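1. structure of the sequence below:
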Amino acid sequence: MNTAVTTRTDLQAASLSSKTDKQQSQLASMAKLLGAENVLTSQADRYAYCRDRLPFALYKLRAQQLPATLPLAIAMPGTTEEVEQLIKFTRAEKICVIPFGAGSGVLGGTIPLVGELMIDLKRLNKMISINPIDSTATVQAGMNGWQFEEALRAQGFTAGHLPQSITMSTVGGWAACRGAGQASSRYGKIEDIVVGLKAVLPDGELLEVRPLSRRAVGPSIKDMLVGSEGVLGLITELTLRIWRLPEFSSAVVLAFPDIEHGFEACREIMQAELRPEVVRLYDLKESAQRTEGIPEFSVRPILCIMKFSGKKALAQVERELALEICARHDAVTADNAPYHHWEETRFHSYSTQWQTDGYFMDTVEITGNWSKLSDMYQAMHQGVHAIHPDIHFGAHWSHVYPEGACQYMTIRLPPMDQDQALTLHKKAWDTIESICLDMQGSIAHHHGAGLFRGPWMKRELNHGLDMIQILKDGLDPDNLMNPGKLGLRQPSGSTWKMDN
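-> Numbers count the residues shown, from 1 in each chain. The predicted structure follows:
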């Protein structure tokens, strides 16, 4: 199971720690390089950067414990050239670093394990160009996701990448964690959208993958960086595909008799080469929360939301054909209120309020093929419910493809003793991830691996993890760049223990 053990768990004691003369000299050199205002060293700033949105880390802080360590400091370069100079300096000084976007990740991908230097990229926040001929946009990695989308919309375009975290994430973070937006069934995930990038490698040299439509010159270097979560390099610039804003859109709410009918309808829609912008199928628990008082759901209790967009004639035909498929699977249309509620709240996070109220809430997303998905869901549903009588388990499927779908689950324990809750929380994670692997699924669809999925990475990637470690050792022999993430070798001195 996942456990975190650290000798610096008391926040008050940690706040009294002082820096060595060598560290003070290093920070002075960085301040000279970037400007003193761009190197943050206060205790308050270091606390703010000691975690991302990993729920386990929040539970530790809630109990007055650090998730692992405080960072050494926070450096905020303003140009790619400054990033290059900073990485060359930290490599020479053997300082571990962590690239940081906006901290919206939920797997501990930016948690410092040995007092790393956080490299916050939010000053690299400019739209560089929009190319309507090639239908691409080039942007600095630190640009806020919603500001990026707004800049595109002002010119009549969209990135097609609309994650729930869009207002609190960066474009570079999307690529680093191999994320997905809520319209992925139509536009693809971020790896389908990124066509080029620039990244600073662990030796401080700049790698450029030129934005071209396709190439066949060896393995995809671009895809070695997309999803690497900063362990192989620090992305500073991206070129992404963009699309004209759809001229028409139409939403529909459907009521299915059970999950299996919903699965079959979604599978047939995607395999019929229809591409709805949004497909969201909810299990019984999550459907009930959204359909109270709507008569169609008293007989057919499973909720599905779909949205069709694009050229009006094409979108209308896609909608008509999709509804024919759904009707063959005993679905009926219902009032659009659940769609409107989702549209209004689609970028809101529900976790924070539950966590603030003392609950132990988390989300886990996996992906599986249609042939396994129903059995996988039932096994996870039963396995998690066996852990504690009052545990909440709900699921929906919001990224669907011809071969399968992402299953996004919410688990929630009521307020209880911290040690007991964390033991149950870890057991729930192990139950879900183990069942997923036993049934040939993948343990992550769009949240990435970070720190928390480390125990299952060997089973997930088998010899592929060894290949990544070899690449990491070749590029970063001192293990300085976001060490210990993706299930790779922990940094020297780390007290984080990952057991499974």
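
2. right, and the helix or strand after the helix or strand hosting T423?
-> Assigned by DSSP states H and E, T423 belongs to helix 418-438. Note on helix 418-438: by DSSP H and E, the next helix or strand toward the C-terminus is helix 457-461.

3. now for that next one, which elements pack on it?
-> Counting contacts by 3 or more Cβ pairs under 8 Å, 6 or more residues apart in numbering; DSSP states H and E, helix 457-461 packs against helix 463-475. All C-beta atoms are positioned from the backbone trio N, CA, C, and that covers glycine.

4. might you report the residue contacts of the residue lying closest to Q182 once chain neighbours are set aside?
-> Distances taken as Cβ to Cβ, 6 or more residues apart in numbering place L162 nearest to Q182, at 4.9 Å, with adjacent residues excluded. Contacts for L162 were tallied using Cβ atoms under 8 Å, 6 or more residues apart in numbering; they are E149, G181, Q182, A183, R346.

5. tell me which element L162 is part of?
-> Following DSSP H and E, there is no helix or strand that holds L162.

6. same thing with G227?
-> Here G227 is assigned to no helix or strand, by DSSP H and E.

7. ok, it - how many residues close by?
-> The local packing of G227 (other Cβ atoms under 10 Å) involves 19 other residues.

8. same check, this time on the one 3 residues further on
-> Residues within reach of G230, counting by other Cβ under 10 Å, total 25.

9. same check on A36?
-> Residues near A36, counting by other Cβ under 10 Å: 12.

10. measure it to E84 for me?
-> 20 Å (Cβ to Cβ, to the nearest Å).

11. what does W397 give?
-> 42 Å.

12. and for L486?
-> L486 is 23 Å from E84, by Cβ to Cβ.

13. comparing these two, which residue is more hemmed in?
-> L486 (25 against 19).

14. returning to that earlier point: and the helix holding T423, what does it pack onto?
-> strand 2-4, helix 55-62, strand 360-369, helix 370-385, strand 404-413.

15. for the helix or strand just after the second one, name the packing helices and strands.
-> Sequence-wise, the next helix or strand beyond helix 55-62 is strand 73-75, with elements assigned using DSSP H and E. Applying 3+ Cβ pairs under 8 Å, 6+ apart, one finds that strand 73-75 contacts helix 21-34, strand 39-40, helix 43-48, strand 117-120.

16. tell me which of these sits most buried.
-> strand 117-120 (a mean of 24; mean count of other Cβ atoms under 10 Å).

17. hey, which helix or strand in this structure has the poorest pLDDT?
-> For the chain, the helix or strand with the lowest mean confidence is strand 2-4, at a mean of 40 (criterion: mean pLDDT, DSSP states H and E).

18. give the contact list for the residue most central in space within the chain.
-> Taking Cα atoms, centre = their mean as the criterion, H447 is the residue nearest the geometric centre of the chain, at 2.8 Å. H447 is in contact with G105, V106, L107, C177, G179, T363, E365, counting by Cβ under 8 Å, 6+ apart.

19. same check, this time on T136
-> If you count contacts by Cβ under 8 Å, 6+ apart, then T136 has I130, V195, P211, T239, L240, R241, I242 around it.

20. likewise V171?
-> V171 makes contact with V139, Q140, A141, G142, M143, G145, F148, L238, L240, according to Cβ under 8 Å, 6+ apart.

21. let's see it at 10 Å
-> By Cβ atoms under 10 Å, 6 or more residues apart in numbering, the contact set of V171 is 101, 121, 124-125, 127, 137, 139-145, 147-149, 159, 161, 190, 194, 235, 237-238, 240.

22. my read: M361 touches R412, true?
-> Yes. Using Cβ atoms under 10 Å, M361 is in contact with R412, at 4.3 Å.

23. quick check: neighbours shared by these two?
-> What both M361 and R412 touch, as defined by Cβ under 10 Å, 6+ apart, is the set S351, W354, Q355, H392, H425.

24. just give me the least confident of these.
-> Minimum pLDDT for the shared contacts of M361 and R412 is recorded at S351 (82).

25. burial of that one, as a residue count?
-> By the criterion of other Cβ under 10 Å, S351 has 17 neighbours.
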